[in-house]
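In: What follows is a protein structure lacking sequence information:
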């Protein structure tokens, strides 16, 4: 029974004697994480409306932290209650799955967003304007940059506290995305977390032009790709006559059965299936940032406010890969032999493309963007394994990677000069001399990206490649290895820059952050090292969460 | 398992590294002494290991420790040592204190450098050295392929900072140029080795896939794999095995370094300070050759013997090529670097000769080469620090003004050309005999190496130490007490091991026998069986008499 | 008793250690310490000799096993000594002559501030040389073999501030290394063949293996011998080795070290006996060298170089003899010993002359010195008579026997060898007479200033006293120097006769080297007569050329042969062109290769990556619409690929 | 009339939309093209819904409209802001970030 089917029954009932309307049956407890976050988001809007400006910042911050923490607790509770393994099932009348992967990913997303909130709330990095602390978001985004309105807004000490509820909306969408169990929910969730992100991208306090440009690009391309996804959904619906994963999977696996000849043209028409599947995949790959759908990544990462970039880079990837996994493992396992080779190709060009183009980057944020593309390739290698190991390895990788990314971008926010963040690589020269600690921390993140042993990056990479190798894609591993060798080159370049080059006179200064960012970075480093030295516990976690419910 | 001795041996220097790094900028001298203390502590532990180790005992590994670590990857924290490992651990632990002493002032911040309480190069220098020691030691102890791999790779990072971060201020040109030449060398070192390591990673994963496929659960335990293979449970397909072997060997050949993968070494050794250069060639590179012996051969016996001919030829090329290039060098340290390439050729030759002499010799060679190169390179370092130049042409007649320095330099050089009576001779001759007894032609060509070695060493000595005294060196002070303390023990050791290497051979032989048994190779038997009667040539003349009679 | 053997080696070794590590505090007493330890070693030698004589011929060999040196697998190398008659002979020669030369050096090196180190090196040499002759296996012998090489390197280059000395030392070591290569290959061959390389087993079982193997071993041993004993083609280093202090030339490059090759071949007799081809090679080398050395000796004006040439040629005799097999071994050793006496004496004499002549070595700057340094003159003269084989003196007995044995080889080979040996004897007489005349007779050419010439940098006043030329004041050397010369002179007079008393020496060595009487086509008396005749011929010619008319103080251009001989018969030029220059080119090209090819490949990959990256970057044009196009294209490819997979 | 034709129409509309996105410069128009694509999807949904004889497709169409509306809100907001700052709505002008 699917939600839409219930309505259907309503329609048929209407033909006969009027009966009472059966309400849909929703397991609120099991959806609690999502509901808490979205509820908090709504509440946040209320706050914007009713709470006086001076106390908005703190109330919003408090609200978001509490909400996310509560949601995380709820996830833990569900997992503890066994919804991750034994009691895993499909809730909300087939719309949302509550199972291991879903919970694991939701947990990761929530943690990541929790840390992201810290970086969002940071207001010590920029010099205080007119005696008021300012964060990295525009005082009044609608105002023309440098225009009178904006100056007034700055003078008045406006701050865009809306970012917190917007963030929460995005998180809500991300929580549903990997749990979505029918294509409609998938599409809606996609939009629910994309739209807030488009807005967030446009809110940078400094370099507004870049920020707005990135928002525009992200929005247009995002909408474009979601249109493709939607069309794909339509075709799949046409193929299977339903949009529930289980339903489609059924039709896919045991092909055409008892269909009235009237539908012979469409029903179980493989062309529909294949094209539809491909288009849906494309939509997801776009979010993942896989070549050739990666074009938005560097521009958006560079233009967006760095806290937002960090949040996007970490959380979006987690959510998107979650959804991708579910689609591939639940909807399309029947046609594995069709999409695996294609995905191999995608994975390879993604790994190589990301690594190679990154070599010649000169902006740290763009560099990290390309590295995230390369990493998307590595993760895809695990996705393609189509085995329980594959799933759990991807889950682990996502967890490890998201923390490293958050930490790295948090560090980027610290290195500043007169024009705000000094993202020009050349300006980072000799950072290791001026402030060894920050440089060392960043070096740790870079080494983790490079997959040097004893960092989480290595554990993740090994897990993914192992899964790939066992699924018989040995040469995929070789390519992965080669591209990580290439990738090592530019990570090392940054390290050289920081430690072995003489600092420039007009070089950037490292701002002393408030406890907020410090904690964020600290958590990042700890996670990186712990997951590198003793990953077993988390591997087990991911391992237990490796089964999808159908 | 009582006290985890092996872990302790690796952990102590690690702690030392952290402690040293933690010291504030002002406490430079303290840092030095602390580092020295910890290195000596490690040496003491290494000695304990050596004495607790019983060469005659059964079983490949001793003092073993085994704990679960990452069961998902089939990885266990498995330590254990055989004779070879013990010898190399002892070597490492022995050399580090000397390296630290020799580098006593190498990392003192330049005077003109602005006082910066955050920037603590000295602490960093010694901490990094200790970190390298810890990682090297544990990779000698690891009997789990994955565990080994992790530290094999991880040790690149501290090495990289040592090379790139600290140079002798003796570049031909200004500090600025030499600084970026240095960082280039460091980057080359890192990327080259990283690439090798990543190729190996693919092979490691492949190994896991194979074991997981055939043994049910994937494992990296060397002993387990060897036993399974012996019991016939594990049968890696020929092609797979060869591919995996190549993956492993490539990494080790880069590290070792084997021609044509050697080009990172001269740069790295030339640009870094003498102690760091010693660290590279005498300690870190040994991990490569050691790993060939322990992992390549034991994990992939068939593939090893399949690849042997090619490898032998490459080793041969390394020997001659390295020596010839050493002759043509203008830079003292680069000369020593190329000499090392030649020597590594000998080591690899010995390993893949697959005879007990060859492999025993190779192992001894690792130890002896470590000591001799350390002696030569450190003295060279002292020399360079005095004159502020690495160019051979800038020296001349040093022998007259600094006889002790020259003398020690000469002894180091004589060891490098493996003069009988000094340790390297024993190992080199063993390698040659071992190779010759299976591959006569290669053995003979390799013997050319001893002539070329004499050439580059003596040319170096003549150009720097003899002849009329150059004005720049006329005021050169002789070795100081600290420097003598560094060099004298090394020389004494060279002499001792040259005259009485038995302790070492006794340590190594069983391990070598075990390796050969795993590879399933036997020493070729002599064509004539003689009843070895110790004693005078009397018998000989009886025979010769008969010959004479026959002749008539 | 055998426990004393180690003492032989240990004594000088300890001495060396003391002197080299002792530091400045020993500067004043160093030379005495050195001499003491040398003498001690000699005393032990004598004691052992007495003991050995006390035992019957078959039980004279002693054996001492110290410890197991390198045990790996089937490879067993021990540190063990073997003292038989052959070794004994060498021990006495080495320690005896060695001690004498120590004494001599006390005077000769008096004014050198590094005298202590000099004695240290001398002791080191003694130790190594004794190790060489006492070792009971080839590997230990190899240690001594290279040990003496090292000592000679250090001593030749003792005056390191002179580039020529440093170069000569390096050259000596390198050429020797080539020989050593032969020795090590020989040892490897033995190991693979016999599974051991101890004298006993190897020599006992030569019968059990193929002749080919033995020939190979023999040739490799010969190569080693050529290196150490300065035989053609590895002879080039000996002449330059004269850069070293004269006592060194006397001890190492005349009496002892250079004869190690003869020892090696004699010791390995059993191998050579079973490998005729190897023997032929040996005799060939010997014959060629004895002529080569003699010719070179004729052309040199440098007194030491002339003597060096003669050393070469005399050793040629010994090698020749050793190559003859059982009929020759004993005489080879006998000549070796007598040669040890008179050649050492001659060198010490030369040293004494130089000592009196401000280290002038050019014989054309000598002349008429006999009345200024009588003792030197007499001792030198006796040595001279001995070397040219003047009847009754020791050289006569030993050389005569060798020539005889050469004929006894039989067949044309015998005639050729005998002829060569005879010719050699004649030339020897010639060049030694030349030396004698130029040095001690004729006008006193050193009184007038030298006529400068390009090939004589020593034309500048040797004393280096400013502008105008001050003639040296020739004078007799101090007792401490003349005494050893006297002793050696006595030796060179009587040793030969003593040895030949009813073949005492042959009988003494017979158990070790096995002796067989050669059957000479020409009777012993004829040979003796012939030798005597050619001897006087040589002397006569020399007298005509250098005795009758005055010697020009500047060397005449001379015939082609003379000029070639002055340049060591162009051997060095050959080496220079082929090895030095050729090698130089080779290495430089290799360096280029390493940089451009091997390393270039690596850097190339890195660079190409960068280039590729630069290209791909261009796709990121910054225009949304181009991004959209690429996405669309990607989608199309994705769809197409999926469809292709199914083949729909 | 064969309902499949509707599908062809949908595909055609989708393609036109996509082409428009690629061709047009004005952000607003580009955006409208995207809307066109979404509506093409709607048509497809409705058609399939008719073919399959269940209502899912039609329901989805409603959802799509809502989503599209939301997109309009966000999209126009962004475009308007950019227009304010740049005084142009050409997407090609927004190309500061490249390479």
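Out: Cool, the structure landed. Since we're looking at a predicted model, the values are computed, not measured. Numbering: from 1, shown residues only, chains lettered A, B, ... in the order given.

In: Pull up the per-residue confidence for residue 72.
Out: In the absence of a named chain, this looks at chain A. What the model reports as pLDDT for residue A:72 is 96.

In: My question was about chain C, not that one.
Out: So, for residue C:72, pLDDT stands at 87.

In: ok, the closest residue to it other than its chain neighbours - contacts?
Out: Residue nearest to residue C:72 in three dimensions, not counting chain neighbours: residue B:360, with 4.1 Å by CB to CB, 6 or more residues apart in numbering or on different chains. Bear in mind the C-beta positions are built from the backbone N, C-alpha and C, glycine included. Counting by CB atoms under 8 Å, 6 or more residues apart in numbering or on different chains, residue B:360 makes contact with B:430, B:434, B:505, B:508-509, B:512, C:72-73.

In: what do you get for residue B:87?
Out: With CB under 8 Å, 6+ apart, residue B:87 has these contacts: B:363-364, B:366-367, B:504, B:507-508.

In: ok, so what distance separates it from chain A?
Out: Noted for residue B:87: a distance of 26 Å to chain A, by CB to the nearest CB, to the nearest Å.

In: Any idea how far the helix or strand where that residue lies is from the middle of the chain?
Out: Secondary structure from DSSP states H and E places residue B:87 in helix B:83-102. Counting by CA atoms, centre = their mean, to the nearest Å, helix B:83-102 is centred 10 Å from the centre of its parent chain.

In: can you check stretch A:331-338 too?
Out: Worked out by CA atoms, centre = their mean, stretch A:331-338 lies 25 Å from the chain centre.

In: Residues in contact with that stretch: which ones?
Out: A:236, A:245, A:248-249, A:252-253, A:273-274, A:277, A:339, A:386, C:642, C:645-646.

In: Quick one: list the elements packing against the helix of greatest length in chain D.
Out: Secondary structure of chain D per DSSP state H: the longest helix is helix D:56-86. Using 3 or more CB pairs under 8 Å, 6 or more residues apart in numbering or on different chains; DSSP states H and E, the elements in contact with helix D:56-86 are helix A:3-15, helix A:183-201, helix A:208-240, helix D:27-52.

In: Report the mean per-residue pLDDT for the shortest one.
Out: Mean pLDDT, computed over helix A:3-15, is 49.

In: next SSE after that helix?
Out: Downstream of helix A:3-15 (by DSSP H and E), the next one is helix A:32-50.

In: Would you mind pulling the contact partners of that following helix?
Out: A:28, A:56, A:59-60, A:63-64, A:66-68, A:70-72, A:74-75, A:78, A:96, A:106, A:110, A:161-162, A:164-166, A:168-169, A:171-172, A:175-176, A:179.

In: Would you check the distance separating the biggest helix by length in chain B from the middle of the chain?
Out: Identified as the longest helix of chain B according to DSSP H is helix B:175-215. Here helix B:175-215 is found 18 Å from its chain centre; the criterion is CA atoms, centre = their mean.

In: just checking, what packs against that helix?
Out: Counting contacts by 3+ CB pairs under 8 Å, 6+ apart, helix B:175-215 is packed against helix A:456-470, helix A:474-500, helix B:145-154, helix B:156-165, helix B:222-231, helix B:238-255, helix B:264-271, helix C:599-617.

In: how about TSV for those, with mean neighbour count and distance to residue C:307 added?
Out: Formatted as TSV, the helices and strands packed on helix B:175-215 follow (neighbours: other CB atoms under 10 Å in any protein chain shown; distance: least, CB to CB, whole Å):
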stretch	mean neighbour count	distance to residue C:307
helix A:456-470	28	73
helix A:474-500	22	63
helix B:145-154	25	62
helix B:156-165	25	55
helix B:222-231	17	66
helix B:238-255	22	54
helix B:264-271	27	46
helix C:599-617	14	52
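
In: Of all these, which one is nearest residue C:420?
Out: helix B:264-271 (52.2 Å; CB to CB).

In: which residues touch the following helix or strand past the closest one?
Out: As assigned by DSSP H and E, the chain's next helix or strand after helix B:264-271 is helix B:274-278. If you take CB under 8 Å, 6+ apart as the criterion, helix B:274-278 is touched by B:95, B:98-100, B:102-103, B:106, B:129, B:162-163, B:166, B:168, B:268-270, B:333, B:336-337, B:373-374, B:377-378, B:380-382, B:384-385.

In: Check stretch B:32-47 too.
Out: Against stretch B:32-47 from outside (CB under 8 Å, 6+ apart): B:5, B:8-9, B:12-13, B:15-17, B:19-20, B:23, B:89-90, B:92-94, B:96-97, B:100-101, B:104, B:122, B:126-127, B:129-130, B:133, B:137.

In: Just the buried residues of these.
Out: Buried by 16 or more other CB atoms under 10 Å in any protein chain shown: B:5, B:9, B:12-13, B:16-17, B:19-20, B:23, B:89-90, B:92-94, B:96-97, B:100-101, B:104, B:122, B:126-127, B:129-130, B:133, B:137, out of those.

In: in chain D, which segments are predicted with low confidence?
Out: Within chain D, the segments meeting pLDDT under 70 span D:1.

In: Please repeat the previous calculation with a cut-off of 90.
Out: D:1-5, D:7, D:50-56, D:84-99 (pLDDT under 90).

In: and if you look at the stretch 201-350 of chain A?
Out: A:205-209, A:238-242, A:246-274, A:291-292, A:330-341.

In: Quick one: name the residues of chain C near chain D.
Out: C:617-618, C:620-625, C:628-629, C:632 (CB under 8 Å from any CB of the partner chain).

In: switch to 7 Å and redo it
Out: Applying CB under 7 Å from any CB of the partner chain, one finds that chain C approaches chain D through C:617, C:620-625, C:628-629, C:632.

In: Now go through those residues and say which are in strands.
Out: Among the residues of chain C next to chain D, no member is found in strands (DSSP state E).

In: Check those one by one and keep those near chain A.
Out: C:617, C:620, C:624, C:628.

In: Rebuild these as CSV, extending it with pLDDT.
Out: Listed next are these as CSV, based on pLDDT from 0 to 100:
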residue, pLDDT
C:617, 89
C:620, 88
C:624, 90
C:628, 92
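
In: out of those, who's nearest chain B?
Out: residue C:617 (21.0 Å; CB to the nearest CB).

In: Would you mind measuring from that closest one to residue A:360?
Out: 6 Å (CB to CB, to the nearest Å).

In: Residue A:364: what's it in contact with?
Out: A:412, A:423, A:425, A:428 (CB atoms under 7 Å, 6 or more residues apart in numbering or on different chains).

In: For it, which non-adjacent residue is spatially closest?
Out: residue A:423 is the one closest to residue A:364 (CB to CB, 6+ apart), at 4.9 Å.

In: With residue C:287 instead?
Out: Residue C:287 sits nearest to residue C:420 (CB to CB, 6+ apart), 4.3 Å away.

In: dump the residue contacts of the one you found.
Out: Here residue C:420 is in contact with C:287, C:290-291 (CB under 7 Å, 6+ apart).

In: For the residue of chain C found nearest chain B, what is the enclosing helix or strand?
Out: Proximity of chain C to chain B (CB to the nearest CB) peaks at residue C:203, 2.6 Å away. Assigned by DSSP H and E, residue C:203 belongs to helix C:199-204.

In: which helices and strands does that helix pack with?
Out: helix B:538-551, helix C:163-194 (3 or more CB pairs under 7 Å, 6 or more residues apart in numbering or on different chains; DSSP states H and E).

In: Rounded mean pLDDT for it, please.
Out: The model assigns helix C:199-204 a mean pLDDT of 88.

In: Give me the next element, helix or strand, following that helix.
Out: Going C-terminal from helix C:199-204, and assigning secondary structure by DSSP H and E, you next hit helix C:211-228.

In: so does the next helix or strand after that next one get close to chain B?
Out: The element immediately downstream of helix C:211-228 (helix or strand, assigned by DSSP H and E) is helix C:236-241. No - figure legend: helix C:236-241 not in contact with chain B (CB under 7 Å from any CB); closest approach 12.7 Å.
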